[in-house]
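Participant: any chance you can model this:
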Amino acid sequence: MTDTKEIMQKLTGKGLKVTPQRVAVYEALATTYHPTADEIYRKVLENLPGLSFTTVYNILDVLVTKDMAQRVKTESDIMRYDAVTDHHHHLYCASSDRMEDYFDPELDELLQNYFEHKQPNGFKITDIKLQIMGQFEATEKKPHNK
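Facilitator: Predicted coordinates for the structure are as follows:
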């Protein structure tokens, strides 16, 4: 979703005031594969040169709180953001720092069934998100842009 009108509707649907900064940050997030806050900041600066990094970070925090984005930490401890909030997992290649969304309802059902019978003592599972690590066939560093 990168249409400005759709972004504005999504923001208002979550009870947020529509601002040029919020629209720009969400647009940058939605058009980039799992960007860092710094990557979003640099992209937004192209159209809003006076915007501060703190403002971008605060907007990302609000988007996460309102379930419009999620945080994804890589194995190398880098925080990335994902505009896809539907349940999914991630494929991560440390050598290229590439991360892809991975949807697999069969895997989700398998995990759910497993933990229905093997619930850890004293622990209630509320969600399962996997980060599957490996190496993509093309190991050159792929830009995160869609």
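
Participant: going forward, measure contacts and count neighbours with C-alpha atoms only.
Facilitator: Fine.

Participant: pop out the phi and psi values for the closest residue to Lys73 other than its chain neighbours.
Facilitator: Once flanking residues are discounted, Lys73 sits nearest to Met79: 4.5 Å by Cα to Cα, 6 or more residues apart in numbering. Note on Met79: its backbone torsions stand at phi -90, psi 120 [degrees, to the nearest 10].

Participant: my guess is Met79 meets Arg71, correct?
Facilitator: Yes. Using Cα atoms under 8 Å, Met79 is in contact with Arg71, at 6.6 Å.

Participant: the more surrounded of these two?
Facilitator: Neighbours around Met79 and Arg71, counted as other Cα atoms under 10 Å, are more numerous at Arg71. The numbers are 17 against 14.

Participant: read off the pLDDT value for the more buried one.
Facilitator: Note for Arg71: predicted pLDDT of 97.

Participant: relative to the whole chain's centre, how far out is stretch 89-101?
Facilitator: Relative to its chain's centre, stretch 89-101 lies at 12 Å (Cα atoms, centre = their mean, to the nearest Å).

Participant: also stretch 108-119?
Facilitator: The answer for stretch 108-119 is 25 Å, by Cα atoms, centre = their mean.

Participant: contacts for that stretch?
Facilitator: Outside stretch 108-119, the residues that touch it by Cα atoms under 8 Å, 6 or more residues apart in numbering are Ile125, Ile128.
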